[in-house]
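Novice: From the sequence below, what's the structure:
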Amino acid sequence: MKFRVMTAAVLLTATAALAAPPNLNDPTGSQGLMMIDKLGRQIRFFDPATLKEIAHFPVGTAPHDFAISADHKTAYVPIYGDGIYGKNPNPGNSIAMIDLVGKKVAGSIDVSPYQAPHGIQIDASGKIYVTCDLSRKLLVIDPKKGMIEAAIDTEGTGHWVAVLPDASKAYVANKTDKLFVSVIDLKSRKIVNRVPMPNGTQGIVASLDGKYVVVADSGAPQVLVIDTKTDMVVDKIQLEGGMRGAYKPYYTPDGSKLVVCSESPAMVNIIDARNLHAKQTVLMVGKDPMGFAASADGKTLLVANHGDGTVSVIDLKAGRVANTFMAGTGIETLTYF
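Specialist: Reported below is the predicted structural model:
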């Protein structure tokens, strides 16, 4: 009976999320399409209508994630280093600033002495929040001043981060280094909770209304739902067709769908955000899917297949893969803007 009550709460919140204001960390738009080619060490721009590449340029060793300013003029891209999680002998220590209008590097923010910046989020005031996994810190940065305001202990090697829309708290996924999600109060700038994650964690995302955070389970085909009021896991969503751990959850910008990618098998689960336990649409995509982007009209979902240099184009209304195209060496994240 208790589980049913929890599930009902999640469903009600998912419905409320549809009416929530746009989330800065799930951007979309019709101005352009940017892709972070981690393996190619490039930023790539595509025409959002034709999906043809129109520009690209080098940006440093292993760019990973991005955050975009509210005016869609600047993107902030962490430069992680030439290694991978757990094996990064030459870690980066900068955030590249990308001019989205001019399609060029506009500058850089030095985050030394902190190393291996990876996950990044932005708030309504324009501050950015960046995990530095080797340093076990969450940085709070004023990008206009190019200044680090705070370096907050995460305890674990924080990799991905979800900042609530009101910027009250941040939730940091520590992969398998620490089997919990670090909950950070962004006002006091310290850890206030640790949400147990027995199998470890991968990607993490906040719902548009900020009431829930969804975490990909590193060891099982499921995502876990954290109530941000209590910082407790209140639901688990099994991924149909899944065999191993999930990789990354993502809300479409209108809040209508929760989508999750997994690497083994390489698939995407499309979940109705109004009913998280409804029948899922399961689609097979390219090798090692890692990132999502949804078009402004809500019709198209792009999936970055990091392992084979392709992008899968999903027709969301029809629930099918409509096309696949080459888009670099290995795209990890991408976005319409």
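
Novice: The stretch 1-150 of the chain: strands as residue ranges?
Specialist: Using DSSP state E, counting those that start in this stretch, the strands of the stretch 1-150 of the chain run over 33-37, 42-46, 53-58, 67-68, 74-81, 91-99, 104-110, 117-122, 128-132, 137-142, 147-153.

Novice: Save these as JSON lines, and put in distance to residue 258 and mean neighbour count too.
Specialist: (Glycine included, C-beta is placed from N, CA and C.) Below are these laid out as JSON lines (distance: least, Cβ to Cβ, whole Å; neighbours: other Cβ atoms under 10 Å):
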{"stretch": "strand 33-37", "distance to residue 258": "22", "mean neighbour count": "27"}
{"stretch": "strand 42-46", "distance to residue 258": "25", "mean neighbour count": "22"}
{"stretch": "strand 53-58", "distance to residue 258": "29", "mean neighbour count": "14"}
{"stretch": "strand 67-68", "distance to residue 258": "21", "mean neighbour count": "25"}
{"stretch": "strand 74-81", "distance to residue 258": "24", "mean neighbour count": "25"}
{"stretch": "strand 91-99", "distance to residue 258": "28", "mean neighbour count": "21"}
{"stretch": "strand 104-110", "distance to residue 258": "32", "mean neighbour count": "15"}
{"stretch": "strand 117-122", "distance to residue 258": "18", "mean neighbour count": "26"}
{"stretch": "strand 128-132", "distance to residue 258": "22", "mean neighbour count": "25"}
{"stretch": "strand 137-142", "distance to residue 258": "24", "mean neighbour count": "22"}
{"stretch": "strand 147-153", "distance to residue 258": "28", "mean neighbour count": "16"}
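
Novice: Output these as TSV; include the columns distance to residue 305 and mean pLDDT.
Specialist: Shown next, in TSV, are the strands of the stretch 1-150 of the chain (distance: least, Cβ to Cβ, whole Å; pLDDT from 0 to 100):
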stretch	distance to residue 305	mean pLDDT
strand 33-37	11	98
strand 42-46	14	98
strand 53-58	16	97
strand 67-68	22	98
strand 74-81	19	97
strand 91-99	22	97
strand 104-110	26	97
strand 117-122	20	98
strand 128-132	24	98
strand 137-142	29	98
strand 147-153	33	98
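
Novice: Nearest to residue 335, out of those strands?
Specialist: Proximity to residue 335 (Cβ to Cβ) singles out strand 33-37 among the strands of the stretch 1-150 of the chain, at 5.7 Å.

Novice: That closest one versus strand 91-99: what angle between them?
Specialist: 160 degrees (axes from the mean of the first three to the mean of the last three Cα atoms, to 10 degrees).

Novice: Number the chain from 156, please
Specialist: Renumbered: residue one is now 156, and that last one reads strand 188-192.

Novice: hey, C-alpha coordinates of strand 188-192 in PDB?
Specialist: C-alpha atoms of strand 188-192 as PDB (Å, rounded to 0.1, in the frame of the first residue of the first chain):
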ATOM      1  CA  LEU A 188      22.100  22.500 -33.200                       C
ATOM      2  CA  MET A 189      25.400  22.000 -31.400                       C
ATOM      3  CA  MET A 190      27.100  18.700 -30.800                       C
ATOM      4  CA  ILE A 191      30.000  17.900 -28.400                       C
ATOM      5  CA  ASP A 192      32.300  15.500 -30.300                       C
END
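
Novice: roughly how far is that strand from the heart of the chain?
Specialist: Remark: strand 188-192 is offset 14 Å from the chain centroid, using Cα atoms, centre = their mean, to the nearest Å.

Novice: Listing partners with orientation, what would you give for it?
Specialist: With DSSP bridges as the test, strand 188-192 is paired with strand 197-201 (antiparallel), strand 486-491 (antiparallel).

Novice: Generate JSON lines for those, with distance to residue 395 as supplementary columns.
Specialist: As requested, those are exported to JSON lines (distance: least, Cβ to Cβ, whole Å):
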{"stretch": "strand 197-201", "distance to residue 395": "31"}
{"stretch": "strand 486-491", "distance to residue 395": "25"}
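
Novice: re earlier: nearest to residue 448, of the strands of the stretch 156-305 of the chain?
Specialist: strand 188-192 (7.1 Å).

Novice: tell me the angle the closest one makes with strand 229-236.
Specialist: Interaxial angle, strand 188-192 versus strand 229-236 (the same axes, to 10 degrees): 10 degrees.

Novice: which residues sit against strand 188-192?
Specialist: The contact list for strand 188-192 (Cβ atoms under 8 Å, 6 or more residues apart in numbering) reads 198-203, 206, 211, 218-221, 230, 232, 253, 255, 446, 448, 457, 459, 466, 482-492.

Novice: Show the buried residues in those residues.
Specialist: Of the members of those, the ones counted as buried by neighbours, 16 or more other Cβ atoms under 10 Å, are 198-201, 203, 211, 218-221, 230, 232, 253, 255, 446, 448, 457, 459, 466, 482-483, 485-492.

Novice: if we can go back for a sec, between the strands of the stretch 156-305 of the chain, which gets nearest to residue 389?
Specialist: Taking Cβ to Cβ, strand 272-277 is the member of the strands of the stretch 156-305 of the chain nearest to residue 389, at 22.5 Å.
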